[in-house]
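[1] One predicted model, sequence on top.
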Amino acid sequence: MRRPCPRLLTAACLLAVIAAVAPAAGAQPAPLEGFDAAVATAVRDWETPGLAVAVVKDGQVIFSKGYGVRALGASTPVGPGTLFAVGSTTKAMTAALVGMLVDEKKLAWDDPVSKHLPWLHLSDPYLTREVTVRDLLTHRAGLGNADYLWYGQPTEPREILRRVRLLPSAYSLRSSFIYQNVMYAAAGAVVEAVSGQPWEQVVRSRIFEPLGMSGAIPTAATLARQPDVARPHAIVDGKVREIENASTDTVAPAGSVWAGVEDMAKWSAMLLARGKTPSGRALLAPETVDELFTPQTMVTREAFYPTARLTKPKWTTYGLGWFQQDYRGHAVDYHTGSIDGMVAIHGLLRDQGVGVVVLANRDHAELRHAIMFAVFDRFIGGASRDWIAELKTFYDALDRESDAARRKADATRVAGTTPSLPLERYTGTYADPLRGEVVVTLDGGRLHARYGSAFVGALEHWHHDTFRATWKAAWRGTALATFVLDATGQPSRIEAMGGRFTKRDP
């Protein structure tokens with residue numbers, strides 16, 4: 001029996017696990033010569049507990065392998081079938097499901113959403129009337145980010161979409177791009193309304209089953225019953241530690257799928273084959289697949305991936321569930337997935353018949369981008385870069401920039417102030433019809449705040465009537481909460497987490 005590794009995996013221990021228990025990659029095609037060893041080194045250098053990679057070429061899976069362990073402190077290895085949260089790479093599946101219904105003439109890309117969801121209202125009657133199914137899938141429906149509606153909140157899916165009527169417009173319809181998970185939840189609701197079945201059942205019956213993705217699950221609801229599952233990790237107090245899963249099931253069509261790379265490779269191969277399975281069955285019409293990858297809206301550099309600073313694309317767009325850019329004269333379609341402690345990337349170099357899937361169990365382990373571009377270079381040929389080393393340097397510098405920005409913000413704290421009121425006067429329930437409730441209590445002489453299940457922690461006096469929340473889930477960072485007093489000197493609201501929560505009457 002192997003001696004389990006310590007909770008913080010050392011480089012030596014990690015390499016031992018990789019060498020001893022990771023499944024063999026088999027003979028590597030010429031373009032991938034040395035790739036296995038490079039990935040193993042990257043897993044070590046980027047301090048990633050576990051990772052899996054699959055590469056597809058011309059309909060064949062030519063590389064599929066796991067590295068490291070499913071959880072720190074255990075010796076159970078990651079394999080090609082190990083389940084990871086694939087996060088927002090789920091969006092491409094939702095877009096494909098819409099495409100299948102388009103093929104069946106049950107809806108059209110440019111149908112008004114109101115035709116299928118007459119109960120869904122936006123704040124502007126013009127938007128309610130004009131927003132189309134295509135707009136839902138391309139982050140251009142005029143709304144700002146609204147993840148606070150679902151992340152760590154007890155809100156049911158239908159209620160999340162009902163609250164969309166309270167979201168203010170952020171820009172004119174189709175004039176800009178702001179990433180929007182809730183609109184993908186609405187797209188899933190369209191799939192349900194048109195098909196007459198829950199989105200979870202449709203993705204299973206229309207994608208997983210015909211492709212033989214036998215290990216994939218549509219949501220985290222059955223995760224506890226699965227035998228081979230990676231655990232999430234993040235940097236906490238300077239060390240890699242296991243953390244709790246964050247469910248995305250209330251906006252499932254935006255990012256709830258769990259799968260291993262061997263199953264994701266089957267999905268990738270079907271897309272590269274323009275909708276056909278290996279047996280020749282057409283899941284999507286070729287022209288519908290082409291539409292999925294047709295650029296739909298421009299994406300600003302600020303809204304695109306930071307890696308663009310190095311790849312320097314001439315154009316950046318979004319298709320139907322795919323970010324897009326040019327790279328070395330080729331069009332690249334890809335999407336990441338990121339949820340607490342889990343990351344994914346699915347990239348396609350379609351003119352070369354190449355697909356790459358990378359799944360890992362450490363928060364924002366950006367070697368996913370490095371591995372994808374390294375694979376693309378190997379099939380494009382010619383001069384290539386050491387993406388693994390280059391992006392490690394790049395993201396380390398970004399981390400230092402973030403640390404400096406936090407220190408600069410902390411320096412604005414005003415010293416020598418005290419709260420205006422005794423602490424017990426700040427307690428109570430503060431509510432917002434859009435964002436929910438913040439509950440402030442006093443325990444052991446300290447204020448505590450609860451905002452849903454994700455944000456629970458103590459409030460430390462910062463300055464004046466502003467307090468800093470330190471969340472028990474330390475990987476979620478900290479937040480400032482400012483109590484605003486009314487004309488009588490009583491707390492009337494809290495400004496925190498980007499919102500304004502009004503105190504309820506006792």
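    Yep, that arrived. Residues are numbered from 1 along each chain as shown.

[2] Could you list the buried residues of stretch 322-332?
    By neighbour count with 16 or more other CB atoms under 10 Å, stretch 322-332 contains the buried residues 322-325, 327, 331-332. (Each C-beta comes from the backbone N, C-alpha and C, glycine too.)

[3] First-to-last residue distance for it?
    Across its full length, stretch 322-332 reaches 9 Å between end residues, using CA to CA, to the nearest Å.

[4] Helices along the stretch 51-200 of the chain, start to end?
    Secondary structure of the stretch 51-200 of the chain, counting by DSSP state H, counting those that start in this stretch: helices at 90-103, 113-116, 125-130, 133-136, 157-162, 181-195, 199-203.

[5] so where is the stretch 301-450 of the chain shaky, pLDDT-wise?
    Residues of the stretch 301-450 of the chain that meet the criterion pLDDT under 70 are absent altogether.

[6] OK, contacts around Arg476?
    Residues near Arg476 by CB atoms under 8 Å, 6 or more residues apart in numbering: 340, 454-455.

[7] Tell me the pLDDT of it.
    Here the pLDDT value assigned to Arg476 is 95.

[8] chain center to the lengthiest helix in the chain: distance?
    Across the chain, the helix with the greatest residue count (assigned by DSSP state H) is helix 387-410. Mean-position distance between helix 387-410 and its chain equals 20 Å (CA atoms, centre = their mean, to the nearest Å).

[9] What is the subsequent helix or strand relative to it?
    Remark: after helix 387-410, the chain's next helix or strand is strand 428-432, criterion DSSP states H and E.

[10] so what does the helix or strand following that following strand touch, helix or strand wise?
    In the C-terminal direction, the helix or strand that comes right after strand 428-432 (DSSP H and E) is strand 436-443. Using 3 or more CB pairs under 8 Å, 6 or more residues apart in numbering; DSSP states H and E as the contact criterion, the elements in contact with strand 436-443 are strand 428-432, strand 446-451, strand 491-496.

[11] Take those strands and lay them out in CSV including distance to Leu348.
    Converted to CSV, the helices and strands packed on strand 436-443 look like this (distance: least, CB to CB, whole Å):
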stretch, distance to Leu348
strand 428-432, 41
strand 446-451, 38
strand 491-496, 41
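
[12] So which of those strands is nearest Ala108?
    The closest of these to Ala108 is strand 428-432. By CB to CB, the value is 36.6 Å.

[13] still on that earlier bit, nearest to Gly382, of the helices of the stretch 51-200 of the chain?
    Nearest to Gly382 among those is helix 90-103 (29.0 Å), distances taken as CB to CB.

[14] returning to what we had before: quick check: buried residues in the longest helix of the chain?
    The neighbour-count criterion (16+ other CB under 10 Å) identifies 387-388, 391-392, 394-395 as the buried residues of helix 387-410.

[15] Over to stretch 280-300?
    Using 16+ other CB under 10 Å as the test for burial, stretch 280-300 gives 283-285, 288-289, 291-293, 295-297, 299.

[16] okay if I get those as JSON lines plus pLDDT and distance to Asn145?
    Compiled in JSON lines, the buried residues of stretch 280-300 are given as follows (pLDDT from 0 to 100; distance: CB to CB, whole Å):
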{"residue": "Leu283", "pLDDT": "98", "distance to Asn145": "32"}
{"residue": "Leu284", "pLDDT": "98", "distance to Asn145": "30"}
{"residue": "Ala285", "pLDDT": "98", "distance to Asn145": "33"}
{"residue": "Thr288", "pLDDT": "98", "distance to Asn145": "29"}
{"residue": "Val289", "pLDDT": "98", "distance to Asn145": "29"}
{"residue": "Glu291", "pLDDT": "98", "distance to Asn145": "26"}
{"residue": "Leu292", "pLDDT": "98", "distance to Asn145": "23"}
{"residue": "Phe293", "pLDDT": "98", "distance to Asn145": "25"}
{"residue": "Pro295", "pLDDT": "98", "distance to Asn145": "22"}
{"residue": "Gln296", "pLDDT": "98", "distance to Asn145": "19"}
{"residue": "Thr297", "pLDDT": "98", "distance to Asn145": "16"}
{"residue": "Val299", "pLDDT": "97", "distance to Asn145": "14"}
